[in-house]
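A.B. asks: Next comes the sequence, and after it the predicted model I'd like to discuss.
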Amino acid sequence: GIQVEQSPPDLILQEGANSTLRCNFSDSVNNLQWFHQNPWGQLINLFYIPSGTKQNGRLSATTVATERYSLLYISSSQTTDSGVYFCAVEPSGGGADGLTFGKGTHLIIQP
Amino acid sequence: GAGVSQSPSNKVTEKGKDVELRCDPISGHTALYWYRQRLGQGLEFLIYFQGNSAPDKSGLPSDRFSAERTGESVSTLTIQRTQQEDSAVYLCASSLGPGNSPLHFGNGTRLTVT
């Protein structure tokens, strides 16, 4: 099946810093989503972004489908940004096995 | 409701007992997914329902696991003869359809097998 690799696995930053999280995938995709899992375990959908660039407040994401990667940018980090960020993809070849998740990037924002 | 609803939120059971977990997807969402997340780990796909099509059960870890969905509404995940390694958070998600819409997760059911 498709492989999803996220980097870095862990990231510790001071409040106010900017960060870039990366997601590489092994096959062409027709569906790519970024999620934030907060310290209480809730998973929030950040972006549906199989290609192109989107922005939502301090967060933005870019997917370069032809090169099989996506980037999530967080600017002016706040402590509430802490948690695990997951990238999930569905291959273009289809198949009924849903989104495949990466192992996530664990982000800690220190005050 | 406004979001994906899962019940119970927590379940503690003795090894060997059967458990049933419930998921109410967002109204109108035809796609429904079950995932498992062990402590500190990523999400493991279990099963996916799309409309009235036969689900792909290839992600279910053993024949003790089964899932049903009635039409495009409620789904139940059943684990028979629970084992300690079944302890995890079981997450349900729904979307408008496959491959082309955002996935929305419920808050999960935390299962502890003692």
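C.D. replies: Nice, I can see it. Numbers count the residues shown, from 1 in each chain, chains lettered A, B, ... in the order given.
A.B. asks: What count of nearby residues applies to the residue nearest to residue B:28 when sequence neighbours are not counted?
C.D. replies: Take residue B:28 and drop its neighbours on the chain: the residue closest to it by CB to CB, 6 or more residues apart in numbering or on different chains is residue B:96, 7.0 Å away. C-beta here means a position set from N, CA and C on the backbone, and glycine is covered the same way. As a burial measure, residue B:96 scores 14 neighbours (other CB atoms under 10 Å in any protein chain shown).
A.B. asks: Next up, the contacts around residue B:96.
C.D. replies: For residue B:96, the contact set (CB atoms under 8 Å, 6 or more residues apart in numbering or on different chains) comprises B:28-31.
A.B. asks: Tell me how far it lies from residue B:11.
C.D. replies: Per CB to CB, to the nearest Å, residue B:96 is found 29 Å from residue B:11.
A.B. asks: Check residue B:83 too.
C.D. replies: 14 Å.
A.B. asks: Which one of these two is surrounded by more residues?
C.D. replies: Applying other CB under 10 Å to residue B:83 and residue B:11 shows that residue B:11 carries more neighbours, namely 17 against 12.
A.B. asks: separation between the residue nearest to residue B:28 and residue B:12?
C.D. replies: For residue B:96 relative to residue B:12 (CB to CB), the value is 35 Å.
A.B. asks: same question, residue B:78
C.D. replies: Counting by CB to CB, the gap from residue B:78 to residue B:12 is 17 Å.
A.B. asks: Same check on residue B:21?
C.D. replies: In terms of CB to CB, residue B:21 sits 13 Å off from residue B:12.
A.B. asks: what residue ranges in chain B are flagged as low confidence?
C.D. replies: B:1, B:98-100 (pLDDT under 70).
A.B. asks: now swap in chain A and tell me
C.D. replies: Ranges of chain A meeting pLDDT under 70: A:94-97.
A.B. asks: Would you mind listing what in it touches chain B?
C.D. replies: A:30-31, A:33, A:35, A:41-45, A:48, A:86, A:88, A:90, A:94-104 (CB under 8 Å from any CB of the partner chain).
A.B. asks: Go through stretch A:56-63 and flag the buried ones.
C.D. replies: A:59-63 (16 or more other CB atoms under 10 Å in any protein chain shown).
A.B. asks: so where do the strands sit in the chain?
C.D. replies: As the question left the chain open, I've gone with chain A. Listed in chain order, the strands of chain A (DSSP state E) span residues A:4-7, A:10-14, A:19-25, A:29-37, A:43-48, A:52-56, A:59-64, A:69-74, A:83-91, A:100-101, A:105-110.
A.B. asks: was after chain B, sorry
C.D. replies: Using DSSP E, strands in chain B cover B:5-7, B:10-13, B:19-24, B:31-37, B:44-50, B:65-69, B:75-79, B:88-95, B:104-105, B:109-113.
A.B. asks: residues contacting residue 23?
C.D. replies: The chain I'm using is chain A. When contacts are taken as CB under 8 Å, 6+ apart, residue A:23 is in contact with A:4-6, A:32, A:34, A:69-72, A:87, A:89, A:102.
A.B. asks: I was after chain B.
C.D. replies: With CB under 8 Å, 6+ apart, residue B:23 has these contacts: B:4-6, B:32, B:34, B:74-77, B:92, B:94, B:106.
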